Structures are given as structure tokens and as C-alpha cells.
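Undergrad: predicted structure and sequence below. I'll ask about it afterward.
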Amino acid sequence: MKYFSSIKILIALSFAMALSGCVSCKYSFKDVSPIPEAVKTFRVNPIENKAQYVNTQLAQQLTEKAKQKIINTTRLRQTNSDDAHYDISGYISQYYTTTISITDKQASGNRLNVGFHLIFKNTLDQTKDFEADFSRSYDFDGQTSLIQAESTLTPKIVTDLSDEIFNKIFSNW
């Protein structure tokens, strides 16, 4: 019995020491591609909608959300001039639905597929220019029309795509 109580005390002391040592522990996330000091401004050009089917709200909402994400998350200042250090543009390349499940010969599940093409230009260092494609899928009930689904899906699509745009430009994730 004495042996087990000694082990309990040793475990308790080890646990307490480990916790007290963590008081000075530091955790941080360091971006592997910080914004260079020379970069001061950005411009988000109006997003175009080149998809075969056009959600009339998506492009404008995505443009505004991307601007706000950069303003709220970085030190960069927005400008509308052609000499912006970071020039961001792009277009919605895909916007279509597919049936993903059928029950009793009727669609019971649908999927909205959204594609986006990003064009990024760094006017201070053209070697950092790039283009990238993103795609996302959003499932919705087969009994719901696309117009009904868009009312709930559009805010999620806008948030997801603006996050992807931001991460592609400002991170190496």
C-alpha cells in the first residue's frame, strides 16, 4: 500500500510541476510569408461572374467581403488606384447544381458547385504574381429550389471564398 501512495504522490508532483512549467510556455502562430514592409496598399477589383448560371448577388458580395477581410486582418490600406501594391481580381468560373441522391425516382439531395479563379498581382515584385482556382460544394435538400437554397447558401459561399482568397494571398497554407 505504501508503494502505491508513493506513486500517487510522485504522479501528482510531476503533474503539478508540468503545469507550473507551462506558465512560461508560449504558443504562437507565425505566418511563413509575412507581408513585406514595402507593401502598403491593396485593391480588390470588382469580381466578375463568368459562370453559365449567374447568382446576381454573389460577385458583389464576394468583392465586398474580400475587401473587408483584408482591411480587418492586415495593416494594408485600400486604394482604387492602378498603383496598388497588391492588385486582386478574379471571376466566378463555375456555378451549377448536380443531383447527389435519388429517393423514389425523385432528387432527394442536390449539390451546388462553385468555382472561382483568382488573379493576384504584386506590383512591387512581379515574381510573386499568380493565378489560382478554388472550388467548393454545398449540399442542399432535393425538395428545395436553387433560388431557395441560395438564400441560405450565398452568405456561406461568400465567407468561404473570401477566406480562401485571403489565405492564398497572405499565407502559404
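TA: Ah, there it is.

Undergrad: can you map out the helices along the chain?
TA: In the chain, helices defined by DSSP state H lie at 2-21, 58-73, 146-170, listed in chain order.

Undergrad: how about residues contacting the last one?
TA: Okay, so that is helix 146-170. 31, 33, 35, 55, 57-58, 61-62, 65-66, 69-70, 73-74, 86, 88, 90, 97, 110, 112, 114, 116, 118, 120, 132, 134, 136, 138, 140-141, 173 (Cβ atoms under 8 Å, 6 or more residues apart in numbering). C-beta: built from backbone N, CA, C; applies to glycine.

Undergrad: now, which of those lie within strands?
TA: 86, 88, 90, 97, 110, 112, 114, 116, 118, 120, 132, 134, 136, 138, 140-141 (DSSP state E).

Undergrad: what's the local residue count around residue 34?
TA: Per other Cβ atoms under 10 Å, the neighbour tally for residue 34 reads 10.

Undergrad: need the pLDDT of it.
TA: Note on residue 34: pLDDT of 82.

Undergrad: and for residue 142?
TA: The predicted structure lists residue 142 with a pLDDT of 89.

Undergrad: against residue 40, how distant is it?
TA: According to Cβ to Cβ, to the nearest Å, residue 142 stands 50 Å off from residue 40.

Undergrad: what does residue 121 give?
TA: 15 Å.

Undergrad: so what's residue 78 bridging to?
TA: On the basis of DSSP bridges, residue 78 is bridged to residue 42.

Undergrad: how many neighbours does it have?
TA: 13.

Undergrad: before we move on, what about residue 52?
TA: With other Cβ under 10 Å as criterion, residue 52 counts 8.

Undergrad: my read: it touches residue 97, true?
TA: No. At 11.3 Å, residue 52 and residue 97 do not qualify as touching, with contact defined as Cβ atoms under 8 Å.

Undergrad: more neighbours: residue 121 and residue 40, which one.
TA: Shown here are residue 121 and residue 40; by other Cβ under 10 Å, residue 121 has more neighbours (19 against 15).

Undergrad: got the contact list for residue 67?
TA: 44, 78.

Undergrad: and the gap between it and residue 162?
TA: Residue 67 is 9 Å from residue 162, by Cβ to Cβ.

Undergrad: cool, and residue 101?
TA: Residue 101 is 29 Å from residue 162, by Cβ to Cβ.

Undergrad: which one's more surrounded, the two?
TA: Between residue 101 and residue 162, counting by other Cβ under 10 Å, residue 162 is the more crowded of the two (23 against 12).
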